[in-house]
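# sequence first, predicted coordinates after that:
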Amino acid sequence: QVQLVESGGGLVQPGESLRLSCAASGSIFNIHTMDWYRQAPGKQRDLVARITRSGDTYYADSVKGRFTISRDNANNTMYLQMNSLTPEDTAVYYCNVEFQTDTERGRVQEAWGQGTQVTVSS
């Protein structure tokens, strides 16, 4: 099994920054894409940013230029640097990864973190 632990959320004022982390642990053989999603109250869960194992990135239009996704493959960890935060960024942020385990290398699986709350308010 693979576990994902997110951290770094909190309450900040508009214009401030936060850095989220997502650490994967377990019998990991390989991690493919790593994603950050977010879900605001009453809204669907949307993809915010994605990073492939080779480092290619994708950003939702709403966060381009403000958020930066990165990963540390050696430590199976992903980050989301969020700058110039606005109240519209308020949501629960989830990490999602595609991975293969040591015991099932031929099968690509998916896991979700428990979510971390980000609140942007003055």
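Yes, it's here.
# any idea which residue is closest to the centre of the chain?
Trp36 (2.9 Å; CA atoms, centre = their mean).
# what's the helix or strand for it?
Per DSSP states H and E: Trp36 is located in strand 28-39.
# that strand - contacts with which helices or strands?
strand 18-26, strand 46-51, strand 67-72, strand 77-82, strand 91-101 (3 or more CB pairs under 8 Å, 6 or more residues apart in numbering; DSSP states H and E). (Glycine included, C-beta is placed from N, CA and C.)
# picking that back up, check contacts around the residue nearest to the centre of the chain.
Counting by CB atoms under 8 Å, 6 or more residues apart in numbering, Trp36 touches 20, 22, 47-50, 69, 78, 80, 93-96.
# which residue lies farthest from the center of this structure?
Farthest-from-centroid check, the chain (CA atoms, centre = their mean): Thr103, 25.3 Å.
# so what's the residue count around the residue nearest to that one when sequence neighbours are not counted?
Distances taken as CB to CB, 6 or more residues apart in numbering place Ser27 nearest to Thr103, at 6.3 Å, with adjacent residues excluded. Neighbour count of Ser27, defined by other CB atoms under 10 Å: 12.
# do the same with Gln1
Neighbour number of Gln1 under other CB under 10 Å is 9.
# who does the residue nearest to it when sequence neighbours are not counted bridge with?
Of all residues not flanking Gln1 in the chain, Gly26 sits nearest, at 5.3 Å (CB to CB, 6+ apart). Here Gly26 sits in beta bridges with Val2, going by DSSP bridges.
# ok, Gly26 - contacts?
1-3, 101.
# what two of those residues are the furthest from one another?
Gln3 and Thr101 (11.9 Å; CB to CB).
# so for those two, which sits in the more crowded spot?
Taking neighbours as other CB under 10 Å, Gln3 and Thr101 compare with Thr101 leading, 16 against 12.
# show me the contacts for that one.
By CB under 8 Å, 6+ apart, Thr101 lies in contact with 1-2, 26-29, 107, 109.
# ok, now Val48?
Per CB under 8 Å, 6+ apart, neighbours of Val48: 35-38, 59-60, 63, 67, 80, 93.
# could you flag which of those residues are buried?
35-38, 59, 63, 67, 80, 93 (16 or more other CB atoms under 10 Å).
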